[in-house]
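[1] A structural model of the following input is requested.
(2 chains)
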Amino acid sequence: MRNYLIRRIISVLPVLFFVSLLSFAVIWIIPGDPTAAFLDASATPEQVEALRDNLGLNKPPLLQVTEWYGQVLTGNLGQSILMRTPVLTAILERLPLTLTLAAMALVLAVLLGVAAGVFAATRRGTWADQTVMTLALLGLSVPDFWLGLLLIVVFAVQLGWFPSGGYVPFMQDPAAWLSSMVLPTLTLAVVQIGFIARMTRSAMLDVINQDFIRTAHAKGLSELYVVTRHGLPNAMMPILTVTGIIAGALLGSAVVVEQVFALPGVGRLIIGAILSRDYPLIQGGLLFLTLIYLLINLGVDLLYAAVDPRVRLE
Amino acid sequence: MNMKKLSLGLAMGLMASIAIVPAAFAQTPGGEIIIASVQGPPSLDAHVTNAQVARNITLHVYETLYARNENGDAVPDLAESVTVSEDGKTYNFKLREGVKFHNGKEMTSEDVVASIERYRDIGVSKTLVAAVDTVAADGPYNVVITLKEPQSVFLDNISSPRAPLAIYPAEEAAKGANEIDYIGTGPFKFVEYIPDSHVTLEKFADYVPNPAYTERDGLAGKKEVLIDKVTFRFIPEAGARTAALESGAVQIVETVDGPTAERLRADPKYIIHDVLPFAFQVIKFNHALAPTDDVNFRKAVQAALDMEEIMEISYADINQVDGGWVFPNSPFATSAGIDQYNVADLEAAKAFLDQSAYNGETVTFITDNLRPNVDVATVVQSRLEAIGVKMDISVADWPTTSKIGFTPNGWNFWTHGFGIEPFEGPGTVMSAWVGGSGQMVPDPEIDRIAGEFNAALTDDAKKALFTEFQQRMFDNMVAIKAGNYGLFQVTNDKVENFVSFRIPRMWGVTLAQ
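    Next comes the predicted model:
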């Protein structure tokens, strides 16, 4: 187990290296630089060049790459060109929001998705099963930005229950924080609820047709007991896999949701960085998201062993 | 069944318990106005950016020696007056006394000199002060600027709001680009900037409005602040901006689209301010690349286009079909060359095309992803297809498009708005084409006219030169102006005494309690 962990953690390093190299390459292939954010169409080519000098953008790409890797090895992700703050600070300030948002959506999605999936599987072929699966498909198909706007119109504009956007830090006002997180969390969770519900139903159907379930029923155990103690644990592996994938996907969807609800999270930070070509911020942000993604995968692999004693990590 | 009930119950309980919490954007009684902006500024160092989103904020924080009034004329702001020597080369500015910076220090000539020197060094529009030879303090309240040669538009230049020549404290002016602390003399002082969230400004308690004025007047005049705070909140999604207004989370939206404006107009809770004309819609030609290097090809394009169609599709309900290279209400407005505008005659276009060297190649139209610009490109493409011109439209984000558009390769057509130039006046409009800046190949006639315009000292001479300029723009078809467009600013009924302008001015505005 320990060797496995060490091996996996070491294997993260080359992935991070290649991802950062790839993002460097993409950044240099895409035309445009941070001066475009400072200048509108009335600028002249001379003004652009002068600003490049003033912002220190005229170093050769190779020098910038080597300098950047040198900095990263010392734990320094550089300085954001536009925000004037260290990249690491900018990311760490926004990370709690994005992670909390993703975690809340994940918990909601797993709770409701698994419940809906089990419910449908145990009523296979009935109208209840079809209704739940239709709703799941609907949730799966709704574009998240559209759903976000719909929720804003209904719950913020019409009913006035929640704010239409913006963020209140937890430490400032816990109640207002929760209020500002409800609609983004719902938006983020709905798609995943559908996904998990469908996967749970399918995994449960595989399990509940097996002999040991019939035996459990034959012993006279209650339906609830059979499902929760014998059915669900055996269906957990595919559900866990999907949950791992979803945890990563939520980080991607959070980008959209943060835009719609004007939440200052990592996703919005990186979108802004890309649109303004804030190179150090793009690099640092992608590196961080990659790291989180890799850690989630590692966590899921470790959970396999915890959930299923047959899995041994070596 | 139990599980379903439990989940549903939990969700409803959660919603109900949280719903009683007041909205995070709720209006604070006592005078905070929240403005929904499209995006955050790239910098709050006014010298280094000419982005509209930046000046919307910076012009509340900083001031200039001279500023533009409601009509776009240069009038004193931090300066009390100016005397110009007979040869037109020496400007002696008398500064207003008792003007305080936000750090409590009094503004003196030392700060003005340092700020102008900084702008000459790193100002993003430093060509505005290219004529300056020396800048020197003459006592604490006088600054003397000498020019290399007389320049009739010098006061226009230093009052330009494009990348404002803001007066900073000397110690800030000593710092590099984008490295200053945001300290100015403006009616609002900087409080906080969270780059992907908001900028907050608060009333500068020690601000003394310019005693020379009794009323608000453009970016000058009497700047009296009657609210406590203003927050510019960045909400990139258009629908979310409108929703924020409708839920009361913000009181002002910088701009909404036509259908939204019409919907809100029907509701007495909102006031729609039509800011028209706000900008030109310009279609640039790259004169360095075939076939747009050929004047007959360019004339074929102009002859083919139906400007009403272009403007109505791209800026529905808020446009003017106008080909003049100044706004129609300008004293410089002229009909020179207008007979070539909005011809919409495909036969005439084909005749020009036959005279050109065009041989069936595919031309490239670049545009950023702003919806109206893409619409313009699409309409032009369909019109040119009708006369046998093949066109590819290349849509990218602004950094990509501008990177290509500032070079002589990779594009034939490029469309975007010209906002600040027509507001600043004919001199600035001309300068966009001087030295081939906008069209990639210098036009000696344009350069000559603009040079003479800069030196002309009488209004009549300037008007005659501008008429020549406009005629040349059409005769050589340097670029096409499709028309003027505007924008819809929206305020809710809590905001009183708001007068729309190029930037959402927060001085003179009150908030109903």
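
[2] what sits against B:I313?
    The neighbourhood of B:I313, defined by CB atoms under 8 Å, 6 or more residues apart in numbering or on different chains, consists of B:D375, B:V376, B:V379. C-beta: built from backbone N, CA, C; applies to glycine.

[3] could you redo the last one with a cut-off of 10 Å?
    Applying CB atoms under 10 Å, 6 or more residues apart in numbering or on different chains to B:I313 gives the contacts B:N319, B:P372, B:D375, B:V376, B:T378, B:V379.

[4] Could you report the pLDDT at the closest residue to chain A within the stretch 351-500 of chain B?
    Closest residue of the stretch 351-500 of chain B to chain A, CB to the nearest CB: B:P399 (2.7 Å). Here, the pLDDT recorded for B:P399 equals 82.

[5] residues contacting the closest residue to chain B within chain A?
    Chain B sits closest to A:G32 of chain A, with a gap of 2.7 Å, by CB to the nearest CB. With CB under 10 Å, 6+ apart as the criterion, the residues that contact A:G32 are A:L275, A:S276, A:R277, B:A396, B:D397, B:W398, B:P399, B:T400, B:T401, B:S402, B:K403, B:I404.

[6] Quick one: buried ones out of the contacts of B:I313?
    Neighbour-count burial (16 or more other CB atoms under 10 Å in any protein chain shown) applied to the contacts of B:I313 gives B:N319, B:P372, B:D375, B:V376, B:T378, B:V379.

[7] In terms of distance to A:G75, which of these ranks first?
    Set against A:G75, the nearest of those by CB to CB is B:P372 (45.8 Å).

[8] Domain-wise, how is chain B divided?
    B:32-237+B:494-511, B:277-487 (the TED database).

[9] The ones you listed: which one's closest to A:N234?
    Each of the domains of chain B was scored for nearness to A:N234 using CB to CB, and the closest is domain B:32-237+B:494-511 (43.6 Å).

[10] end to end, how far does the closest one reach?
    The stretch domain B:32-237+B:494-511 measures 8 Å between its terminal residues, going by CA to CA, to the nearest Å.

[11] Can you list phi and psi of the nearest residue to B:I283 once chain neighbours are set aside for me?
    Leaving aside its sequence neighbours, B:I283 sits nearest to B:I480 (CB to CB, 6 or more residues apart in numbering or on different chains; 4.2 Å). Backbone torsions of B:I480, given as degrees, to the nearest 10, read phi -110, psi 130.

[12] remind me which residues of chain B are low pLDDT?
    B:1-30 (pLDDT under 70).

[13] mind checking the longest strand of it?
    strand B:270-285 (DSSP state E).

[14] residues contacting A:N58?
    A:D33, A:E49, A:R52.

[15] Selection in ChimeraX covering whichever of those are buried, please.
    Here is the ChimeraX command that selects only those of these that count as buried (16+ other CB under 10 Å):
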select /A:33
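
[16] Secondary structure added to the contacts of A:N58, as CSV?
    Shown next, in CSV, are the contacts of A:N58 (DSSP: H, G, I helix; E, B strand; the rest coil):
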residue, secondary structure
A:D33, coil
A:E49, helix
A:R52, helix
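
[17] Which one of the contacts of A:N58 is nearest to B:N497?
    Where the contacts of A:N58 are concerned, and distances follow CB to CB, B:N497 has its nearest neighbour in A:D33, at 42.1 Å.

[18] residue nearest the centroid of chain A?
    Within chain A, the residue whose C-alpha comes closest to the C-alpha centroid is A:L251; the distance, by CA atoms, centre = their mean, is 1.6 Å.
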